[in-house]
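Student: okay, structure incoming, though there's no sequence with it:
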């Protein structure tokens, strides 16, 4: 990043911060229409560049993964929500064969309090599935007190401290709710990608989402925002000294030596998120602050003073919201980072009538990028968190 960009950052860093930048703009900035293909990350003639990596959450995971999960206790009359975890080891052994480390996971609550840890040995081409019914949540009153949280999966020699996986894996979660009639696919957060000289992660300083008008009535759309802000307990489990993310590497590309760098890992912890929302006419609607503690849920109908509702769906039938991990722009290269998901349900099928299960459901990870680029502070910069 050039000095001119730093000067721009300094201009907005104090006293007005992001609040001032957004209010001065007055209109919605353009949508992010796609992620930069890895092969375009370096322009011709550059001596060095940051390789921001592949954005595919289904790509091979090199050293470790942070996998959100959702669960709730059963009752006498109903089965609680649960998550089905799906792990596979297509490249090589992760079972400790020939004295290697065994795939091992630490389970944390939604407040990032460690609960327990379990081994998940996998041989080459092995597939392993298990649910939150299968792990040892505490029993109270005859029912397992299952809860939401984060699973940190890597490997271990001693069933205690994590080290990088012996071989790359795949990971995905399936959040199942019988009461609410949905199965939601939960994409993981990679610590490092296996097939690139970098450490792509959706943990960024900005994110965005689109939602329809929501409300408290039974016939209204419903939308849930889930923010994922790993705290120091999570990052301590993925100790930098264990080389979960490799140092920068010099490689030869088309006869030229280029250096591919990685983001500093772990990123800085954030607990505060600033949000700004616009309607589909690109008019500013509201800005507000959110607290993010590890894995935090918000009901869009209950936040922002009901501003996500509208009496005129013909002109304001969608809302666009941008989220930022800090209010005063401070560091473009290594800001606090987060990610998140949006779950949207609707009670009636398009054109009237009802869905076979009673509701429709959509669940997805938030779009993400660097706050520097979301705010349009100068020319587009690659390789920023």
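Tutor: Everything's here; your move. Being a predicted model, the structure only gives us computed values, none of them experimental.
Student: residue 161: which element?
Tutor: Residue 161 is part of no helix or strand when elements are defined by DSSP states H and E.
Student: ok, it - how many residues close by?
Tutor: Neighbourhood size, residue 161 [other Cβ atoms under 10 Å]: 13. In short, each C-beta sits where N, CA and C put it, glycine included.
Student: what about it, distance to residue 107?
Tutor: Here residue 161 is placed at a distance of 15 Å from residue 107 (Cβ to Cβ, to the nearest Å).
Student: please apply the same query to residue 341.
Tutor: Using Cβ to Cβ, residue 341 is found at 19 Å from residue 107.
Student: could you do residue 181 as well?
Tutor: Counting by Cβ to Cβ, the gap from residue 181 to residue 107 is 27 Å.
Student: could you do residue 278 as well?
Tutor: Plainly put, residue 278 is 38 Å away from residue 107 if you go by Cβ to Cβ.
Student: still on that earlier bit, so between residue 181 and residue 107, which is more surrounded?
Tutor: Just comparing residue 181 and residue 107: by other Cβ under 10 Å the higher neighbour count belongs to residue 107, 22 against 15.
Student: so the more buried one sits against residue 120, correct?
Tutor: No - Residue 107 is beyond contact range of residue 120, at 11.5 Å (criterion: Cβ atoms under 8 Å).
Student: ranges for the helices of this protein?
Tutor: 3-13, 17-25, 232-237, 371-374 (DSSP state H).
Student: ok, of the ones you listed, where does mean pLDDT dip lowest?
Tutor: Ranked by mean pLDDT, the helices of the chain bottom out at helix 3-13, with a mean of 32.
Student: what stretches of this protein score poorly on pLDDT?
Tutor: Within the chain, the stretches with pLDDT under 70 are 1-57, 196-200, 240-265, 310-316, 327-333, 348-359, 378-383.
Student: per-domain residue ranges of it.
Tutor: Using automatic domain parsing, the domain parsing of the chain gives 1-30+202-230+266-385, 49-200+232-263.
Student: which residues touch residue 299?
Tutor: Applying Cβ atoms under 8 Å, 6 or more residues apart in numbering to residue 299 gives the contacts 222, 223, 224, 225.
Student: cool, residue 208 as well?
Tutor: Residue 208 neighbours (Cβ under 8 Å, 6+ apart): 31, 32, 320, 321, 322, 323, 366, 367, 368, 369, 374.
Student: against residue 321, how distant is it?
Tutor: For residue 208, the distance to residue 321 equals 6 Å [Cβ to Cβ].
Student: same question, residue 182
Tutor: Taking Cβ to Cβ as the measure, residue 182 falls 22 Å from residue 321.
Student: also residue 159?
Tutor: To residue 321, residue 159 is 42 Å away according to Cβ to Cβ.
Student: neighbour-wise, which of the two wins?
Tutor: Neighbour count, other Cβ under 10 Å: between residue 159 and residue 321, residue 321 has more, with 23 against 10.
Student: what bridges to the more buried one?
Tutor: On the basis of DSSP bridges, residue 321 is bridged to residue 209, residue 277.
Student: that one is in contact with residue 206, isn't it?
Tutor: No - the pair residue 321 / residue 206 is not scored as a contact, 11.1 Å apart, by Cβ under 8 Å.
Student: show me which of the contacts of residue 208 is closest to residue 176.
Tutor: Within the contacts of residue 208, proximity to residue 176 (Cβ to Cβ) peaks at residue 366, which comes in at 21.6 Å.
Student: what's near enough to touch that closest one?
Tutor: Contact analysis of residue 366 by Cβ under 8 Å, 6+ apart lists 207, 208, 209, 323, 339, 340, 341, 342.
Student: okay if I get those as TSV plus distance to residue 296?
Tutor: Formatted as TSV, the contacts of residue 366 follow (distance: Cβ to Cβ, whole Å):
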residue	distance to residue 296
207	13
208	17
209	15
323	12
339	12
340	9
341	11
342	13
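Student: tell me which of these is nearest to residue 75?
Tutor: Closest to residue 75 out of the contacts of residue 366 is residue 341 (25.5 Å), distances taken as Cβ to Cβ.
Student: can you tell me how far that closest one is from residue 70?
Tutor: 10 Å.
Student: in JSON lines: the contacts of residue 299, plus neighbour count and distance to residue 146.
Tutor: Shown next, in JSON lines, are the contacts of residue 299 (neighbours: other Cβ atoms under 10 Å; distance: Cβ to Cβ, whole Å):
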{"residue": "222", "neighbour count": "22", "distance to residue 146": "23"}
{"residue": "223", "neighbour count": "23", "distance to residue 146": "24"}
{"residue": "224", "neighbour count": "17", "distance to residue 146": "18"}
{"residue": "225", "neighbour count": "23", "distance to residue 146": "22"}
